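Undergrad: Quick one, what's the 3D model for this:
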Amino acid sequence: MAGIRIVTDSTTDLPKEWLNKYGIEVVPLSVYVGGETYLDNVTITPLEFIEKMRGSSELPKTSLPPVGVFVDTYNRLGENGDTILSIHMAGGLSGTYNAACLAAEMTASRVEVIDSEMISQALGFQVIEAARMARDGHNAASIVARLKEVLGQTSLFVVVDTLDNLIKGGRIGKAAGWIGSLLSIKPIAMLEKGVYTPLARVRNMSQVIKTLIERFEQDTAGKTVRGIGISHADNLPLAEKLTEQIARFTSAPVTVRPATPVITAHTGPGAIGFMYYAD
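TA: Below is the predicted model:
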């Protein structure tokens, strides 16, 4: 009996044991740093990438997976008649979604490509939900409908130490008005419809935590928290402090992960992403 296979990209920040548990296929992006090209989180680890980035005179560059890699993946996974749900990082931040759509038109396999409008573990929320539902026998249409619900229940915030990487990588979005006025300010942005949108500007990490926790409390009041993730670019101390504060409001587990190199290439070192969904 034909089933449903889940494909995503390497920006999910999901633990390998979760990917293996649900049989999720990951198509990696690439990152260029220090004169070398690496497969995201495959041939270079997050810590190795940060060390190379700090030692390089140039900002790193990223590239989306070749269309041919998607085609090969779809051909292999769909050869027995399985339907493929290919769920990817926000189309507003990368051409990965478009590459997957093009590949879907080139394969004989049944493929539906989904723009998660998210990134990192917030993308992972949708990927894991899809994988669980597929395992439990739900059809593709019901899974896609549920993913839209999860998206509507998800919040993602990004805090960076510097806007340099976002500006030069072209991912600054609606936060462009902050350029040239930051100095020692710590900008906090939301990801809305695949675009970074300014939320607040604070002066220290204590205010970062206060702002994020206030928003978390407001968004989850009276709801059941389904997932919480913190991804960091070599800023575990801030991630741990934020985790401690979250525990005041919910017993839901917090998954703390090093951000994948492709994400760190655009946010720069010291950044964190805080994401959750609740219904």
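Undergrad: Which residue ranges of the stretch 51-200 of the chain form helices?
TA: Listed from the start of the chain, the stretch 51-200 of the chain has helices (DSSP state H, counting those that start in this stretch) covering 67-78, 96-106, 120-135, 140-152, 164-168.
Undergrad: Save the ones you listed as JSON lines, and put in distance to Pro46, mean pLDDT and mean neighbour count too.
TA: In this view, the C-beta of every residue, glycine as well, is placed from N, C-alpha and C. Rendered in JSON lines, the data for the helices of the stretch 51-200 of the chain read as follows (distance: least, CB to CB, whole Å; pLDDT from 0 to 100; neighbours: other CB atoms under 10 Å):
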{"stretch": "helix 67-78", "distance to Pro46": "22", "mean pLDDT": "97", "mean neighbour count": "18"}
{"stretch": "helix 96-106", "distance to Pro46": "19", "mean pLDDT": "97", "mean neighbour count": "20"}
{"stretch": "helix 120-135", "distance to Pro46": "12", "mean pLDDT": "97", "mean neighbour count": "24"}
{"stretch": "helix 140-152", "distance to Pro46": "25", "mean pLDDT": "97", "mean neighbour count": "15"}
{"stretch": "helix 164-168", "distance to Pro46": "15", "mean pLDDT": "51", "mean neighbour count": "18"}
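Undergrad: need those helices in CSV with distance to Leu39, can you?
TA: As requested, those are exported to CSV (distance: least, CB to CB, whole Å):
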stretch, distance to Leu39
helix 67-78, 10
helix 96-106, 14
helix 120-135, 18
helix 140-152, 26
helix 164-168, 20
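Undergrad: closest to Met190 out of those helices?
TA: helix 120-135 (10.9 Å; CB to CB).
Undergrad: Looking at the helices of the stretch 51-200 of the chain, which is nearest to His232?
TA: Distance to His232, taken as CB to CB, is lowest for helix 120-135 among those, at 10.3 Å.
Undergrad: roughly how far out does that closest one sit from the chain middle?
TA: The offset between the C-alpha centroid of helix 120-135 and the centroid of the whole chain comes to 12 Å, using CA atoms, centre = their mean, to the nearest Å.
Undergrad: That one - contacts with which helices or strands?
TA: Contact analysis of helix 120-135 by 3 or more CB pairs under 8 Å, 6 or more residues apart in numbering; DSSP states H and E lists strand 4-9, helix 16-22, strand 83-88, helix 140-152, strand 154-159, strand 225-232, strand 272-278 as its packing neighbours.
Undergrad: Might you report the residue contacts of Gln126?
TA: 87, 114, 116, 118, 147, 150-151 (CB atoms under 8 Å, 6 or more residues apart in numbering).
Undergrad: out of the residues you listed, which one sits closest to Lys186?
TA: Nearest to Lys186 among those is Met118, at 22.1 Å by CB to CB.
Undergrad: pretty sure that closest one contacts Val150?
TA: No: in this structure, Met118 is not within contact of Val150 by CB atoms under 8 Å, at 9.2 Å.
Undergrad: what is in contact with the two at once?
TA: Listed contacts common to Met118 and Val150 are 125-126; contacts here mean CB under 8 Å, 6+ apart.
Undergrad: For the residue nearest to Leu151 when sequence neighbours are not counted, list the residues it contacts.
TA: Nearest residue to Leu151, sequence neighbours excluded (CB to CB, 6 or more residues apart in numbering): Glu117, at 5.9 Å. By CB under 8 Å, 6+ apart, the contact list for Glu117 reads 90-92, 151, 191, 193-194.
Undergrad: Which of those fall within strands?
TA: For the contacts of Glu117, membership in strands holds for Leu191, with DSSP state E as the criterion.
Undergrad: For Gly3, state which of the contacts of Glu117 is nearest.
TA: For the contacts of Glu117, the closest approach to Gly3 (CB to CB) belongs to Leu151, at 23.7 Å.
Undergrad: okay but the closest one is in contact with Ser116, surely?
TA: Yes: using CB under 8 Å, Leu151 is in contact with Ser116, at 6.8 Å.
Undergrad: Helix, strand, or coil at Arg201?
TA: With DSSP: H, G, I helix; E, B strand; the rest coil as the basis, Arg201 sits in strand.
Undergrad: how far away is it from Val158?
TA: 13 Å (CB to CB, to the nearest Å).
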